[in-house]
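Visitor: okay, here's the prediction I keep looking at, along with the sequence it came from:
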Amino acid sequence: MYNFNLGNMKKYIITIFSLYITISVAFAQNPKVVVVSKNVPRAEVAYNEAVALYNQKKYDAVIVYLNNALKINSNYKNAYILLANIYQDKGNQLEAIRTWLYLSERLQHKDSAYYMISKIYYDMKNYNSSLEYAKMAIAKDENNYKTHYLSGLSHFNLGRYEEVIEDFTRALTLKETSDEIYNNRGSAYYKIGYFEDAIEDYNEAIRINGISLYYTNKGSAEYALENIEQAIDDFSTAIQLENNNYQAYLNRGVAKIARFDYKSAVEDFSKCIQIDNKSPLGYNYRGIANFKLKKYMEALIDFDMAIVLNPKYGEAYLHRGNTNEMLKNPQFACEDWQKAASMGITKAKEYTNNQCK
């Protein structure tokens, strides 16, 4: 009655999307002491004092000196930039945004200021506002790849994958050698089911910088195309590059289930649990492999643990219900199926209707 095949196992493979913004941030460099000029020496002296205090992380005192510098010279760009960065460091994002806006209006540094505001909103997970300012920055300077990339990241978090591809493609025309952008565009292709295109991008990312993450993602796309052996090879390479790559072990275990190598799958899922024993995924999938090996008590314990760690894990209730059925515990099986059905698991509803009175 209960059978895992390649079709219904596809959804268990998870592609990782790298959201790390490691691109250089305009104006976010460490401040440097400036040479005091004859025109506005007092402002620059105050700014130099602020830089010294900034390096000591005495942020409140920095703000005092910067405000003094701006009272002397209200057009002092460096003071505004450092002030905005201080507000960000202190977690006062709204004041940082206000400072960048003031800088853009007063000193006409609109594209860089809009980009920084976009990034602040992105870090706050306010992706719509991030997109709004990214568009404004692009309108002022359409040749900055960082802004197109940031726009793509916001679109990705909003699930707008076609727009992601457009943004990242534009970014790549401006910076062709970015492995991050190729990887992330590949993940956008993956999300809309264009697995061949995803693999092409992942391969390009690997060519530039063959890190574990990119092999993990490529393996996911290969698996989606039912290239099981290639997927396993990619996950194995990812593991060789990073021995504690939880996702690669998890995905390789799922791929091994697809080729009926249940014993080896259990080993991979056990490694997942060793790496992170607080994640329900490893327990759930090891339970599936143990179920296929007819080790029903071991499977039951695994599903119990997955549910303890995530009481809303509908799939784990479904699997535990099937395990209870094999252990001839029909009442417990029905309770689990009903619970899974209440969480939207269609198969559990079918089992409840057919098996439970």
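Guide: Arrived safely.
Visitor: helix, strand or coil for the nearest residue to Leu70 once chain neighbours are set aside?
Guide: The spatially closest residue to Leu70, leaving aside those adjacent along the chain, is Ala79, at 5.3 Å (Cβ to Cβ, 6 or more residues apart in numbering). Every C-beta, even on glycine, is put in place using the N, C-alpha and C of the backbone. Using DSSP: H, G, I helix; E, B strand; the rest coil, the structure places Ala79 in helix.
Visitor: residues contacting Ala79?
Guide: By Cβ atoms under 8 Å, 6 or more residues apart in numbering, Ala79 lies in contact with Ala43, Tyr47, Ala50, Leu66, Ala69, Leu70, Asn73.
Visitor: for Thr169, see how far away the fourth one is.
Guide: When distances are taken as Cβ to Cβ, to the nearest Å, Leu66 and Thr169 turn out to be 40 Å apart.
Visitor: what do you get for the first one?
Guide: Between Ala43 and Thr169 the distance, using Cβ to Cβ, works out to 44 Å.
Visitor: higher neighbour count, these two?
Guide: Ala43 (24 against 14; other Cβ atoms under 10 Å).
Visitor: does that one touch Asn78 like I think?
Guide: No. Contact criterion Cβ atoms under 8 Å: Ala43 and Asn78 do not qualify, at 9.7 Å.
Visitor: quick one: contacts of whichever strand or helix holds Ala316?
Guide: Using DSSP states H and E, Ala316 maps to helix 314-326. The contact list for helix 314-326 (Cβ under 8 Å, 6+ apart) reads 1-2, 280, 283-284, 287-288, 291, 294, 296, 299-300, 303-304, 306-307, 310, 330, 332-337, 339-340, 343-345, 347-348, 351, 355.
Visitor: cool, and stretch 137-147?
Guide: With Cβ under 8 Å, 6+ apart as the test, stretch 137-147 has contacts from 23-26, 110-112, 114-115, 118, 134, 148, 151, 170-172, 174-175, 178, 181.
Visitor: ok, and the closest non-adjacent residue to Phe235?
Guide: Spatially, and ignoring its direct neighbours in sequence, Phe235 is nearest to Arg252 (3.7 Å; Cβ to Cβ, 6+ apart).
Visitor: from the chain's centre, how far out does the helix or strand where that neighbour lies sit?
Guide: Element membership for Arg252 (DSSP H and E) is helix 246-258. Helix 246-258 sits 19 Å away from the centroid of its parent chain (Cα atoms, centre = their mean, to the nearest Å).
Visitor: pretty sure Ile120 contacts Arg98?
Guide: No. With contact defined as Cβ under 8 Å, Ile120 does not count as touching Arg98 (10.7 Å).
Visitor: spatially, what comes nearest to Arg106 if we skip its sequence neighbours?
Guide: Excluding the flanking residues, the one nearest Arg106 by Cβ to Cβ, 6+ apart is Asn75, at 6.8 Å.
Visitor: now do the SS call for Met136.
Guide: Met136 - assigned by three-state DSSP - is helix.
Visitor: so the nearest residue to it once chain neighbours are set aside is in which element?
Guide: For Met136, ignoring the flanking residues on the chain, the nearest one in space by Cβ to Cβ, 6+ apart is Tyr114 at 4.4 Å. Tyr114 belongs to helix 110-123 when assigned by DSSP H and E.
Visitor: may I have that helix as CSV, with CA atoms only?
Guide: Provided in CSV are the C-alpha atoms of helix 110-123 (Å, rounded to 0.1, in the frame of the first residue of the first chain):
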residue,chain,number,x,y,z
LYS,A,110,21.4,59.6,-5.5
ASP,A,111,22.4,56.3,-7.1
SER,A,112,24.8,55.2,-4.3
ALA,A,113,22.4,56.4,-1.6
TYR,A,114,19.4,54.7,-3.1
TYR,A,115,21.5,51.5,-3.4
MET,A,116,22.4,51.7,0.3
ILE,A,117,18.8,52.3,1.3
SER,A,118,17.8,49.3,-0.8
LYS,A,119,20.3,47.1,1.0
ILE,A,120,19.1,48.3,4.4
TYR,A,121,15.5,47.4,3.5
TYR,A,122,16.8,44.0,2.1
ASP,A,123,18.5,43.3,5.4
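Visitor: what's the spacing between that helix and its chain's center?
Guide: 20 Å.
Visitor: average model confidence for that helix?
Guide: Averaged over helix 110-123, pLDDT sits at 90.
Visitor: helices or strands next to that helix in the packing?
Guide: helix 93-107, helix 127-140, helix 145-157 (3 or more Cβ pairs under 8 Å, 6 or more residues apart in numbering; DSSP states H and E).
Visitor: out of those, deepest packed?
Guide: Among the helices and strands packed on helix 110-123, ranked by average contacts under mean count of other Cβ atoms under 10 Å, first place goes to helix 145-157 (a mean of 24).
Visitor: any idea of the angle that helix forms with helix 110-123?
Guide: Angle, helix 145-157 to helix 110-123, by axes from the mean of the first three to the mean of the last three Cα atoms, to 10 degrees: 30 degrees.
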